[in-house]
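can you look at this prediction? I've put the sequence above it.
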Amino acid sequence: MYAISLGDDAELRPLEPWHAGEFLAHLERGREFIGQYIPFGTTETDLPSARAKLQRYADMRAADTGSLHGLWLEGTLVGGVLFLNFDAATGNCEAGCWLEPAATGRGLVTRAMRVLIDWAVEQRGIHRVEWVAAAGNRPSLNVARRLGMTRDGVRREAHPYGGLRHDLEVWSVLAPEWRAARARAAHNDH
């Protein structure tokens with residue numbers, strides 16, 4: 001399909017049902033780390049369940065309600081970015097991410113999300129891109145900051161997970177803000 005270079009031998013590619021074995025191996029390497037704040041990947045423990053998760057997102061992509069994209073580093077699947085909710089009719093979407101520990105600290109998610117947000121805003125007419133993360137999930141919140149998102153607020157104790165109720169921070173960027181930031185970045189690159 002496509003492979004978009006993110007630099008440093010990293011690529012953004014579709015993550016599809018036929019990747020189930022690779023997806024499962026990736027989850028096994030990072031399950032504990034990934035599952036600190038989100039349940040993503042916690043129930044995928046064999047090939048059929050891994051394939052079902054990927055098929056669910058393939059179906060969402062076909063319905064234009066969400067999508068899943070893998071991050072490969074030196075040819076190995078190490079994480080991904082996604083649209084959990086995608087509503088082109090209202091111009092709103094929610095984006096998210098996950099990574100295994102070996103891939104953290106390289107800016108992969110930030111670079112990949114720039115590609116996804118550019119596409120959502122410029123190709124699909126999305127007006128508001130939202131990012132929701134547990135208040136304790138500093139790496140995820142740092143991605144929102146690096147993307148130039150604004151902290152809209154906190155949904156207090158809204159996320160029961162791991163025996164605790166976590167506050168959720170809601171961040172967003174609006175299309176005009178995104179375009180202005182991208183124009184400033186392009187100007188500063190010259």
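Nice, I can see it.

in this structure, which spans are helices?
With DSSP state H, the ranges of helices along the chain come out as 20-34, 47-63, 108-118, 138-146, 175-188.

pick the most buried one from those.
helix 108-118 (a mean of 21; mean count of other Cβ atoms under 10 Å). (C-beta placed from N, C-alpha, C; glycine too.)

show me what that one packs onto, helices and strands only.
For helix 108-118, the packing partners by 3 or more Cβ pairs under 8 Å, 6 or more residues apart in numbering; DSSP states H and E come out as strand 4-7, strand 10-14, strand 67-73, strand 76-87, strand 92-99, helix 138-146, helix 175-188.

now with 7 Å, please.
Here helix 108-118 is seen to pack against strand 4-7, strand 10-14, strand 67-73, strand 76-87, strand 92-99, helix 138-146 when contacts are counted using 3 or more Cβ pairs under 7 Å, 6 or more residues apart in numbering; DSSP states H and E.

hang on, the earlier thing: nearest to L77, of the helices of the chain?
Each of the helices of the chain has some distance to L77 by Cβ to Cβ; the shortest is helix 20-34, at 4.5 Å.

hang on, the earlier thing: how about the helices of the chain in a markdown table, adding distance to V154?
Below are the helices of the chain laid out as a markdown table (distance: least, Cβ to Cβ, whole Å):
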| stretch | distance to V154 |
| --- | --- |
| helix 20-34 | 23 |
| helix 47-63 | 27 |
| helix 108-118 | 21 |
| helix 138-146 | 11 |
| helix 175-188 | 20 |
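
which of these sits closest to D8?
Proximity to D8, assessed across the helices of the chain by Cβ to Cβ, is greatest for helix 108-118 (8.2 Å).

relative orientation of that closest one and strand 92-99 in degrees?
If you take axes from the mean of the first three to the mean of the last three Cα atoms, to 10 degrees, helix 108-118 sits at 160 degrees to strand 92-99.

contacts for helix 108-118?
Contacts to helix 108-118, defined as Cβ atoms under 7 Å, 6 or more residues apart in numbering, come from residues 4, 6-7, 10, 12, 69, 71, 73, 79, 81, 95, 97, 99, 129, 143, 146-147, 178.

at 6 Å instead, please
I4, L6, A10, L12, L71, V81, C97, V129, V143, R146, L147 (Cβ atoms under 6 Å, 6 or more residues apart in numbering).
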